[in-house]
Structure formats: structure tokens, C-alpha cells
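[1] Build me a structure from this.
(2 chains)
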Number of protein chains: 2
Amino acid sequence: MNSKMQREPVHVSLSCPLAAAPSDQIQLAHGEGGRLMRNLLREHIAPALGLNPQWDDAASCDLGASQLAITTDSFVVSPVFFPGGDIGSLAVYGTVNDLAVSGAQPLWLTLSLILEEGLPLATLEQILISVRQAAAACQVALVAGDTKVVPHGAVDKIFVNTTGVGQVLHPGGLGCARISAGDALLVSGSIAQHGIAVLAARENLQLSPAPISDSAPLHRTCQRLQHALGGQLHAMRDATRGGVSAVMHEWALATGKTMQLIENLIPVTPIIRGACELLGLDPLYVANEGLFVAAVAASAAEQALTTLQQQCGCHDARIIGQVVDRQPAPVIIQRLLGNWQSLDEPAGAPLPRIC
Amino acid sequence: MNSKMQREPVHVSLSCPLAAAPSDQIQLAHGEGGRLMRNLLREHIAPALGLNPQWDDAASCDLGASQLAITTDSFVVSPVFFPGGDIGSLAVYGTVNDLAVSGAQPLWLTLSLILEEGLPLATLEQILISVRQAAAACQVALVAGDTKVVPHGAVDKIFVNTTGVGQVLHPGGLGCARISAGDALLVSGSIAQHGIAVLAARENLQLSPAPISDSAPLHRTCQRLQHALGGQLHAMRDATRGGVSAVMHEWALATGKTMQLIENLIPVTPIIRGACELLGLDPLYVANEGLFVAAVAASAAEQALTTLQQQCGCHDARIIGQVVDRQPAPVIIQRLLGNWQSLDEPAGAPLPRIC
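    Numbering: from 1, shown residues only, chains lettered A, B, ... in the order given. As a prediction, this is how the structure comes out:
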């Protein structure tokens, strides 16, 4: 690890401007994986449901001798087709990945469709064929479904819900509770590819070459990492809405530790870096759909890196930082010029309908 | 059973007029539980997904010694609040009921929300409190969730997906395959209350007294019927979109038998009958959300009826017909005046966004 990481960090607060919106209404930023989304969950959704605010996307449920993982996701991505994927494969991989990072073998998937009156049948079929191929690639069975149709204008084209059930392979082996100071932090590939690909397609940005989403299943990679590291693998999380930053903030909140990142270790392709500079976006805040962050014991960091880089699609995997005792800020980053900053959690990312 | 049921039926075909719509696009009727919905599933969705067209709403999945039931439903009801319920309780009860009629004990529920920018937080909280109360009433745990926000106009207020996982209590004990000629057909209460209540609220029909939805959980009633009848209970199905008619047509298709109904045995409250006459609707085609149809061995019909009528909300339960060997039509009904008709399956019911 870079010795500069031990230097006293300088805390520069980056603020995210928000359009004025009534505070008693749902805002777009409530759905973007940032602070407002966490607050919505913590202050409104969890209390109204009578649940613990730590309520997570993937739950563990005991059934006899088995431990099940259950997760749900609705997909509202626009456009429906984008370079590297579409709403069908995205929905399958997204739910498979939530199970995978929980250390579960994905087994069963449900598929619920909300269709807009007037949607071309050919579009629907193209999406469903993509669902089928993605499910086959993950060896997960589509077991139940539902189809609703609403009048033209009541939904934009098609929304898809996938709910996944898997079997936890090594109960108790993974989770925020196992993260401790000294752990190394790794990413499984180059970041920010999905968000930029969708944004470029939606806004018809003429980037050349066109950025391609990283949408892909992660269960095999997660299992191989688990197999290679055993108890030295402490936690995994796919870095979707809110990007790598959102995972870092969630882990900091859950553990009471500080997540310390080194920007020049974080893999970003030249295309994505250029697009982010053009758009004024920090790639750490941009969604990924085939990438996860792992916290591993420091002694296993190099083995984790080697294991990851041998997996298909993970040759860009890197060690990007470490977990340290709590600093004044929950997430800190050494920028390219060497200065340390607090990596703020934006209220909401500027990218609605990214997944 | 009425001896008139043995009379040779007269087949009068009732057609359902459809607005002209391009055949290569999704139509509202594709979501209404009728023939077009079945065709969409059979000719487009199932082939594209590479699945058997018999693909059902509630699936059975083996996990070690346990058999799980898994079901999913998206709810798009308009208006969100209606006499007798709201989209929150409707979503919980709807999914619990799909598990219940499969003979499963509901255990876990996921909740996925798609929210429109600008939705009042108070509306969201009111719906979530309803979800909480409904889940508590069913002793089902909310284990995982997801929240998406889309720009104003991309969805109408709020759509809710609930996916349920339960444990099948007596594997192999229930299903269409167990229905045979001679079985009695029962309904658990007065029909068509949900569809008329939602329609009256949406269209601001000034009916007095206002019709109230039957939205309610069915798992206790289903379990008591199963307990009382054992192997003499052959199949149950909640009669949601497409009403009792849709269940009869599904069972006729699945069994190759004819479902024979007697209209004057079918319970309809005076309020609902009046509203249906006013609106030109046959209550057999109107959605229910707290009512199921059961097929039981003829020798157990009276015991089933007595058991049902002792359950809360089921005092209107009735024997409404029987299963007979295949006639020229899959579903036949003796109308109030004594004449026999084929009960056609409408292409689509005229009630979009009823659940």
C-alpha cells in the first residue's frame, strides 16, 4: 500500500448542488444511491414499515438447515437498449449480482413486467430473449412471472422487476460486521462504465469510441474469490447506483471505520475518464453493473488481486485503498495531485434511470 | 346440485368487442386476464423466455427436504387508495394469496417501489404503513426492498412489486392435475367486489352505498380448508384479474374438463349486482382480491361449504357448480332464466389497472 496513505488527510468538502424541490415530495435524487436516498430509507420508508434502517437489499432467511438469500430490484433504465446490454439482461445480472456478493449461489428468479400500451411486441420479445440468455448464462431458473399493462403514458415503455432467491454457501462468512481496520479494499475492474454508457446513449453524446456498459454476472468471480480466500474475504458489494463511493459510505456507516482510497490506484479507462471530464462527473459516483468492491484481510490482498485478475472481465482489478480507524470523515481519498480530501456522499447523483 | 345441470346446454357465444389496435403492439387487453393475455403469454412471452406456456404465477421449488412456493406480482392499481384498501395492502394480500392457494405458508416478502418524482411523502408513508399492517396481519416478514424514482410523467404516482416465498405444507396435495369430473366448485364469498369498488372510485361513480373492495388475506381460510378436507381438497385459485371466469377457463384448459356453473348459486351482493347492471358488466368477469375458487371431491362439498362459512369474511361462500366431462364449450353456465350458455372468455376485461 502507498505510504502516502498514512499522511494526515486534508478534508475538503465537495458539495453537490440540488435543484430546489419541495421537501415533502419525492425528488429524483431520492432514487440515486446518495444521501437523500439513504435518508428516505432511514427517515421515511423504514419507520413506516416498522423495520430496522439497516434493512438491506439482500436478506438472509433460515429455512431448516439451509440459509436463503433473497433480493429484489426494479429496473427502469432509459434507454431500454444501450451499448453492452438492455433492461432484460441488466435485470437478471443485477439480481444475480446482489445474491453473488452475499455469498449465495443464485437459484431462482421471478420476472414481473409492467408494459405500456403501444409497446411494440418485437421490443418485448427482444428484451425477453435477452432475459432468457442472461438467465441461462447464470444457470438460474425463471420460476414465476407477472405481466401488467397500463394505458399509454402511465409508464415509460417497460419496467422490469426481478427477485432472486439463492442459497448461502458459507453462512456467516461475509458481511460488514467482518470488516476491520487494516483490511485492503479492491475493485474487480474499471469503474463507471455502465453509467457513462447509458448516459451517452440517452443523451446521444457522440463519444468515439462509444462507451460500453460493464453489465455482467459476478457470481462465478465472487465464488472463486470466496474459494481462494476463505475466511480472509470479509465483504463484497456490487457498486451500482452511487458507484464505488456509495459502497464506501455504506461500509463506513456500518463499521464506524474510515475507508481510505488512493485515486491513482483506481482503474478508469481513458474513454470513461475523458467522458467524465467532459460531463463534469467523478467516476467514483457513477453506477457500475458488473463490478464489485471487496474488503479482504491485508495479508490476503495480493492473493485476492491475483485471483480476481485471472477471472474473465476482471483483468483491471486493483487494490484501491484500505480500511482505517475512524478519521474525521467516513471516506477519504488521496487525489492525483497528492492532496487528501474527504469524499463526500452526494445528496443524489445526477443520473436518473440508470438501472 | 341442481338437476337442471344435467340438461343439454344451449351454447350462446358472447363476444367482447375490442377497440381496433395494431396487432404488433401491446394492448390494454393484454393485461386483463382474458384470452389476449393468455395468448401473449403463450405466443410471445413463454417462447421468448424458452419456458413452458403453463408457466404459473406460483412456482414450486425444491430445496433439500423443503418445498418452497415462489410468486411475484406488480401492482399498478388506480386510484392508489380505494374503499376497502390501497395499493400497499393490496400488494401484500395479493402475493400472500397466491402462496395461500398454492397450499403454502407465506414466510417472506420483498417490496420494490417505483415512485414518481413529486409524489407526496405523506402518500408514500400512508401506503407503507398499510404494507406494514398487512404484513403483520399475515405474519409474513418483509425481508428485502428496493426503491426507484423516475422523472415526473414516467410512471403514474407509484407502482409496487411484491414477491413472496412460502413453504408448501403438503407437497403434491393441490393442483389442477387433481381436479376430476364430479368435483364440486365453490367460491369463498360474494364476487366482483374489488373490481367494482376500484372502478367506482376511479370514475367517481356516485353509487350509494359505495362498493367496498374484498381485498383481504386468504391464507388462514385456505389452511383451514386444507386441514378440514385433506386429500379431498383438489385445487384452489384466487379469482383476481378476469374474475371467476378466468379461473374457470384456466382450469378447463388445464384439465380438459368442462366447468359447469349455476348463476343463481353464485353469490353477488345487491350493491354489486346493481352496479354491474348499470355498467353492463358480468360480475363473473370482474376482479376479486380476497376470494378464491375451490375444486373439492363431491363427497366433501358440504363439509367444504360449512368450513368456509365459518371463516371470517366467508359467510357468503357457496357451491356454484361442478366439473363435468368435456362439453363442446370449456365453461358453461345456467343463466337465471334457466337457459344454458357457454361462458366465453373475453379477449380482455374492460377494467385496466384494477390491481
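[2] Show me where the stretch 51-200 of chain A has its helices.
    A:87-101, A:121-138, A:193-202 (DSSP state H, counting those that start in this stretch).
[3] What residues sit buried inside the second one?
    In terms of neighbour count (16 or more other C-beta atoms under 10 Å in any protein chain shown), helix A:121-138 has its buried residues at A:121, A:123-124, A:127-132, A:134-135, A:138. Bear in mind the C-beta positions are built from the backbone N, C-alpha and C, glycine included.
[4] So what's the gap between that helix and the chain middle?
    Distance, stretch centre to chain centre, for helix A:121-138: 22 Å (C-alpha atoms, centre = their mean, to the nearest Å).
[5] ok, now the last one?
    Between the centre of helix A:193-202 and the centre of its host chain there is 15 Å, according to C-alpha atoms, centre = their mean.
[6] Pull out the buried positions in whatever helix or strand comes next after it.
    Elements were assigned by DSSP states H and E; along the chain past helix A:193-202, the next helix or strand is helix A:219-229. Buried residues in helix A:219-229, defined by neighbour count with 16+ other C-beta under 10 Å: A:219, A:221-222, A:225-226, A:228-229.
[7] Let's have the residues you listed in a markdown table, adding distance to chain B and pLDDT.
    Shown next, in a markdown table, are the buried residues of helix A:219-229 (distance: C-beta to the nearest C-beta, whole Å; pLDDT from 0 to 100):
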| residue | distance to chain B | pLDDT |
| --- | --- | --- |
| A:His219 | 17 | 97 |
| A:Thr221 | 22 | 98 |
| A:Cys222 | 18 | 97 |
| A:Leu225 | 23 | 97 |
| A:Gln226 | 20 | 96 |
| A:Ala228 | 27 | 97 |
| A:Leu229 | 26 | 97 |
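[8] Flag the shaky bits of chain A, pLDDT-wise.
    A:1-21, A:53-57, A:349-350 (pLDDT under 70).
[9] Could you chop it up by domain?
    A:57-168, A:176-342 (automatic domain parsing).
[10] deepest of those domains, which one?
    Of those, the one with the most neighbours on average (mean count of other C-beta atoms under 10 Å in any protein chain shown) is domain A:57-168, at a mean of 22.
[11] closest to B:Asp238 out of the domains of chain A?
    Among the domains of chain A, domain A:57-168 comes nearest to B:Asp238, with 13.3 Å by C-beta to C-beta.
[12] How about the residues of the stretch 251-355 of chain A by chain B?
    Contact residues (C-beta under 8 Å from any C-beta of the partner chain) of the stretch 251-355 of chain A with chain B: A:352-353.
[13] ranges for the strands of the stretch 251-355 of chain A?
    Here the stretch 251-355 of chain A has its strands, by DSSP state E, counting those that start in this stretch, at A:258-262, A:292-296, A:318-324, A:331-334, A:340-342.
[14] okay, the helices of the stretch 51-200 of chain A in a markdown table with distance to chain B next?
    Formatted as a markdown table, the helices of the stretch 51-200 of chain A follow (distance: least, C-beta to the nearest C-beta, whole Å):
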| stretch | distance to chain B |
| --- | --- |
| helix A:87-101 | 9 |
| helix A:121-138 | 4 |
| helix A:193-202 | 12 |
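[15] Closest residue of the stretch 151-300 of chain A to chain B?
    With C-beta to the nearest C-beta as the measure, A:Thr163 is the residue of the stretch 151-300 of chain A nearest to chain B, at 3.7 Å.
[16] if we can go back for a sec, between the strands of the stretch 251-355 of chain A, which one is nearest to B:Ala192?
    Per C-beta to C-beta, nearest to B:Ala192 of the strands of the stretch 251-355 of chain A: strand A:292-296, 49.9 Å.
[17] what angle do that closest one and helix A:219-229 make?
    If you take axes from the mean of the first three to the mean of the last three C-alpha atoms, to 10 degrees, strand A:292-296 sits at 10 degrees to helix A:219-229.
[18] who touches strand A:292-296?
    Outside strand A:292-296, the residues that touch it by C-beta atoms under 8 Å, 6 or more residues apart in numbering or on different chains are A:97, A:100-101, A:178-179, A:183-188, A:218, A:221-222, A:225, A:229, A:232-239, A:244, A:247-248, A:251, A:304, A:308, A:323.
[19] Now do the contacts for A:Gly189.
    Contacts of A:Gly189 (C-beta under 8 Å, 6+ apart): A:214, A:267, A:288, A:290-291, A:313-317.
[20] Could you identify the most distant pair in those?
    The distance between the two most remote of the contacts of A:Gly189 (C-beta to C-beta) is 15.7 Å, for A:Asn288 and A:His315.
[21] which residues does the closest residue to A:Asp62 other than its chain neighbours contact?
    Excluding the flanking residues, the one nearest A:Asp62 by C-beta to C-beta, 6 or more residues apart in numbering or on different chains is A:Leu68, at 7.6 Å. Applying C-beta under 8 Å, 6+ apart to A:Leu68 gives the contacts A:60-62, A:104, A:165-168, B:63, B:165.
[22] repeat for A:Phe159
    Contacts for A:Phe159 (C-beta under 8 Å, 6+ apart) come out as A:74-76, A:113-114, B:74, B:114, B:155, B:159.
[23] switch to 7 Å and redo it
    A:74-76, A:114, B:114, B:159 (C-beta atoms under 7 Å, 6 or more residues apart in numbering or on different chains).
[24] Over to A:Arg318?
    A:186-187, A:265-267.
[25] likewise A:Arg35?
    The neighbours of A:Arg35, taking C-beta under 7 Å, 6+ apart as the test, are A:345-347.
[26] Chain B: which of those is nearest?
    A:Ala347 (12.9 Å).
[27] was I right about that closest one contacting A:Leu36?
    Yes - at 4.8 Å, A:Ala347 counts as touching A:Leu36 under the criterion of C-beta atoms under 7 Å.
[28] Looking at these two, which is more packed in?
    Ranked by neighbour count (other C-beta atoms under 10 Å in any protein chain shown), A:Ala347 and A:Leu36 place A:Leu36 first, with 23 against 19.
[29] Which one of the residues in the stretch 51-200 of chain A is closest to chain B?
    Relative to chain B, the nearest point of the stretch 51-200 of chain A is A:Val149 (2.9 Å; C-beta to the nearest C-beta).
[30] who touches the residue nearest to that residue when sequence neighbours are not counted in this structure?
    The shortest distance from A:Val149 to any residue other than its chain neighbours is 2.9 Å, reached at B:Gly31 (C-beta to C-beta, 6+ apart). Listed by C-beta under 7 Å, 6+ apart, the contact set of B:Gly31 reads A:147-149, B:37, B:352.
[31] again, but for A:Ala216
    A:93, A:290, A:313.
[32] Just the closest of these to A:Val143, please.
    For the contacts of A:Ala216, the nearest to A:Val143 is A:Tyr93 (17.5 Å; C-beta to C-beta).
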